[in-house]
Each structure stands twice: as structure tokens, then as C-alpha cells.
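Peer 1: task: produce atomic coordinates for the following.
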Amino acid sequence: MTSLSSVESLEADLGRIGPRLDRPPDWRLVGAILAVIVGGLCFAAYGVFRDVEAARTPVDAYAPYLLLGTALLIALGFEFVNGFHDTANAVATVIYTRSLSPELAVVWSGLFNILGVLLSSGAVAFGVVSLLPVELILQVGSWAGFAMVFAILVAAILWNLGTWWLGLPASSSHTLIGSIIGVGVANALTNGRAATAGVDWSQASAVGYALLLSPLAGFIGSALLLLAMKLLVRKPELYSAPAGNAPPPLWIRAILVLTCTGVSFAHGSNDGQKGMGLIMLILIGTAPTAYALNRAVPPSHAQSFVEASEAAATVVDARGPGVRATNGGDARDVIERAVASRQIGEKTYPSLAWLIRDIAKRVGGYGSFDRIPAAEIGATRNDMYLVSEAVRLIGAVNSPKLFADENEALDRYRQELESSTRFIPNWVKICVALALGLGTMVGWKRIVVTVGERIGKAHLTYGQGAVAEFVAMSTIFAADNLGLPVSTTHILSSGVAGTMAANGSGVQLATVRNIVLAWVLTLPCAILLSASLYWLFVRAL
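Peer 2: Numbering: from 1, shown residues only. Next comes the predicted model:
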């Protein structure tokens, strides 16, 4: 006669809440990952060498390139950590519904993360960069610029590793944004200004709203979609939990794998861009002749740029009549102060009009961007950045109100500026894609267990997994098209909680409390950590 304890043990083994995740590592996969990491780093070094050589950049000092190599390693390390920290959310549902084995799931997800990065638009990358203090962007090649990048990335990595160690699905996006804000605050205090003066709060607010609202969209959207699906799709097997280790029916398995694929691709297309933006800042600061301006645009672009510049300067001139136009360094100082303070003074418009025409004169005189002398490229790019931010400020302040044709002229001019300065070399995309994809394939177990076992009181059903993944995928794609960074972690974990609530399964309050606590603490902790690191790095000079 079988004892009661033996029966309970057998039932626990057959119907346990989680699959077996304690298998020993496949050393062939480990070896392949290490080989790809080494190959990727060599490819990055070759990409920098090739671009610098093509731009005919004189190499008269190697110290900046050593800093560049260190910064690239840290930036790619951030994406690697981001991979196993965030993408565990994408594979949790297929693993816990037995749709894919853990090993196959993480490799599959990693491949589609890579594809998502390679096909990304770049809008999120430069949206993140626009949060940085303007004075640090203009001197990104200095020690203060490197201190900024190091502080942001190291702080983000440390917080991600800490929350991963505790098994908390915290947000890498929240962490990175908090780190950027922390550097801005520290830079403002260091220069004797108010802490709030170091951050573009209009941009930070837009990003903050996206990060705040996306988990609510995940929770509410998943709950409503599950209820609607129960009403419209009357398939009992869709709303049942896996029986033992048996995989679901083929059609259910296909749905779950498809949604996992979508989330993985969306995660790559959104999260992969955040590291790209910082890498481009590093490259621009170290080798401006190769990366400050887009040398790939055709010579015909110079003429359209000059025409758009004159139209924009005419609009700006009309905003501040009666004020004597300034010139030279004074114009740049006026524009830099306006952008940093987010305030438009009486000299802003004539200074901006002068600077717009001065840039157009330089570009038109040389005939194309790749003919601008090496000694002028960095300054030209900085002037373009200042002008672009000032034009955006005029649109945000919008006083006096711009007419439709004026908005159209300024928008066209900004597009010309962005096509000239906002670009990402293919080798950067490939290296970031590999870092994020390979990170997905390691270190994923801690977060997977939290999402799969510790959010709901009952086992995740097939329908719940599909709904949470679908809502996460749709929300991330929408944010990607708007150029906004969102958190895969928050959307998917809140989506799982939403399906549990809608299903009447209940949620484990202790886990939800810890997730919410990590959500609340991420921004202030990242701000404090990056601000402290920035202060230390600057003092280390």
C-alpha cells in the first residue's frame, strides 16, 4: 500500500507548477556563446578601425581609443545583462505552458531579439539621448563626457544585476532613464545650478508617462482580452493548465510560440536601441570625423539642406522682429543657454536664425557632408544639435503660435538635421544585437521562476500566457513606433497579474508587493547611484 506522503510526492512531481529548470548547462552552447562574444568584440574593433580609416582620421593619440574600447565593453555589457534580465519575461509563458523546452525557448527568443535589433528604426535610441544634459552632449569627447557615459551604464548594470539576483522583474528601461536623470542632476549641482536644471523635464515626462502607463496597459489590456476571449472562443482546453509535462495541443502551442516570438522581436527592437544611442555618443566623442555627421548621405542632400535651412531661418526671423541679430560665439552661447534653461529670450530668435544660416553656408560651400574638413566636423555637428534642440523648444513653447506652414518648414528642417546627424552604423546594430541575444540565452532562470510561479496563485493557463504575451507585444510595438522606451518586464509581469485577476485565480501579494517595490525604488536608486558615480568619476580626473 502506497503511503499518503508518496502519493502527494508523486502528484507534486507530475503536476508541479514549474518545469525542470535545474538541468546542468550544455557546455557546447556555453562554448558557442563565448566564441560569438569574442568574435563580436573583434568585429566591433574592426568596425571602428574601418570607419576611422575611411574618414581619413589622423590617429595622434591612443588614450581616447582605450577609453572608447572600455566604454564599448561596458555598453555591450549593459545590453548583455538586459538580455537575461528582461527577456526572461518573453520565455516564461512558453516554458511554463510546456510549449517549448527551456533550452529551445531561450535560443529561439535570443534569435528573434537579434532580429528585432537589426530591423529597429533608431528612433528610441535618439529619444533616450535627448534626455541628456546639452552641455555634456556638446563635450562628450571630454573626460566629463566619458564620466557621464560610464556613470549611466555602470549604474544601470549594477541595479539590473542586483534585482536579477533577487529574482525581481525590475525594468531596465526605468533603470537607464533614472541613471540619465541622475547624471543630469549631478552635473547641474556640480556647476552650481539647481538640480532640476540638469534635465529636460518635458522629454523626461513623456518617457515617464510611457513607463508609468505601459504596466497599466498590460494589466488592464490582458484582463479585458482574457475575458473577451473566454466569451468568444469557447475552447475549454485553452483555459486549462498543463497536465504534467505534456505539451499543449498543436494549435495552442503555435499561438504561444508566435506570441513569444513577437515579444522577443519587440523587445529587441525597443530595448536594443537604448544602448545604441549611448554607443553613438561614445563614437561621436572619440572619432567625430567618422561618426559626427552621416557621410553616407548623397551630395544632392546638401542642396535640399540649404533650401530647408533658409525656409526655417525665415520662419525664425519672423518670430523676433525688431531685435538686432547677433553672430559668432555669442549666437551659440545664447542658443545653448536657451536650450539648457528651456526658456526663450529676445535674442533667441535672431541668434537661431544666424546659426541656421551659418551652418547652411558651411554645408553649401563644401557641397556635401563628407567634404567638410576634419577640423570643422565636430563643431558643425554640435551646432546642428544645438539648432535642432532649439527648433524643438520653439515648437514646445509655441508662443507666439506657429502657423501651419511655419510648422511644416521647421519640421522639414529638423528632418534634414536628423538625417544628417542621426544614424547608426550596421556594425553597431550587429554587436548590440549579439549582446542582447546572447544575454537572453544565459542567466534567465531567476526571473522566469518569478513570472511563471510567483505572480499568480494558480498555474498559468495556455490562454493566460497567450494573452499576456500578445498585449506585451502590441504595447511595445506601439511605443517603438512613437519612439518611446517602455519596459518589457513591467508590461508582461503586469499582464500575467491581470490575467490572474480576471480569471479569479488570485495573485501572490508578497510577490506583487516586491515587484511594485522594485518598480517604485528603481528610479530614485538609479538616480542616486549614477549621480554618485558621476561625481566620483569627475573627481577622479
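
Peer 1: and the helix or strand in which Ala435 is found, what's buried?
Peer 2: Using DSSP states H and E, Ala435 sits within helix 426-440. Judged by neighbour count using 16 or more other C-beta atoms under 10 Å, the buried positions of helix 426-440 are 427-440. No exception for glycine: its C-beta is placed from N, CA and C like everyone else's.

Peer 1: quick one: which of these is nearest His85?
Peer 2: Gly439 (7.8 Å; C-beta to C-beta).

Peer 1: surely that closest one meets Asn82?
Peer 2: Yes. Taking contacts as C-beta atoms under 8 Å, Gly439 lies within contact range of Asn82: 6.4 Å.

Peer 1: now do the contacts for the residue nearest the centre of the chain.
Peer 2: Central residue of the chain (C-alpha atoms, centre = their mean): Lys274, 2.7 Å from the mean position. Contacts for Lys274 (C-beta atoms under 8 Å, 6 or more residues apart in numbering) come out as Asn82, Val124, Ala125, Val128, Ser172, Ser173, Leu176, Pro485.

Peer 1: quick check: buried residues in the helix or strand where it lies?
Peer 2: Per DSSP H and E: Lys274 is located in helix 250-286. Neighbour counts over helix 250-286 (16+ other C-beta under 10 Å) mark 252-253, 255-257, 259-286 as buried.

Peer 1: just stretch 354-372 next, same as before
Peer 2: Those would be 354-360, 363-364, 366, 368-370, 372, for stretch 354-372 by 16+ other C-beta under 10 Å.

Peer 1: and those as CSV, adding distance to Ser300 and pLDDT?
Peer 2: Listed next are the buried residues of stretch 354-372 as CSV, based on distance: C-beta to C-beta, whole Å; pLDDT from 0 to 100:
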residue, distance to Ser300, pLDDT
Trp354, 26, 91
Leu355, 24, 92
Ile356, 20, 93
Arg357, 20, 92
Asp358, 22, 92
Ile359, 18, 92
Ala360, 15, 93
Val363, 12, 90
Gly364, 12, 89
Tyr366, 14, 88
Ser368, 9, 83
Phe369, 11, 82
Asp370, 13, 80
Ile372, 16, 85
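
Peer 1: now secondary structure and distance to Val106 too, for the residues you listed, in CSV please.
Peer 2: Listed next are the buried residues of stretch 354-372 as CSV, based on DSSP: H, G, I helix; E, B strand; the rest coil; distance: C-beta to C-beta, whole Å:
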residue, secondary structure, distance to Val106
Trp354, helix, 56
Leu355, helix, 50
Ile356, helix, 50
Arg357, helix, 55
Asp358, helix, 53
Ile359, helix, 48
Ala360, helix, 51
Val363, helix, 48
Gly364, helix, 53
Tyr366, helix, 50
Ser368, coil, 46
Phe369, helix, 43
Asp370, helix, 43
Ile372, coil, 46
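
Peer 1: and the next helix or strand past the helix holding Lys274?
Peer 2: With DSSP H and E, the next secondary element past helix 250-286 is helix 288-291.

Peer 1: what's that next one packed up against?
Peer 2: The helices and strands touching helix 288-291, judged by 3 or more C-beta pairs under 8 Å, 6 or more residues apart in numbering; DSSP states H and E, are helix 27-54, helix 250-286, helix 374-397.

Peer 1: could you rerun that using 6 Å?
Peer 2: Contacts defined by 3 or more C-beta pairs under 6 Å, 6 or more residues apart in numbering; DSSP states H and E place helix 288-291 against helix 374-397.

Peer 1: can you name the next helix or strand after the helix it packs on?
Peer 2: Downstream of helix 374-397, the next assigned helix or strand under DSSP H and E is helix 404-421.

Peer 1: centre of the chain to that following helix, how far?
Peer 2: Centroid displacement of helix 404-421 relative to its chain, using C-alpha atoms, centre = their mean, to the nearest Å, is 24 Å.

Peer 1: list the contacts of Val107.
Peer 2: Neighbouring residues of Val107 by C-beta atoms under 6 Å, 6 or more residues apart in numbering: Met441.
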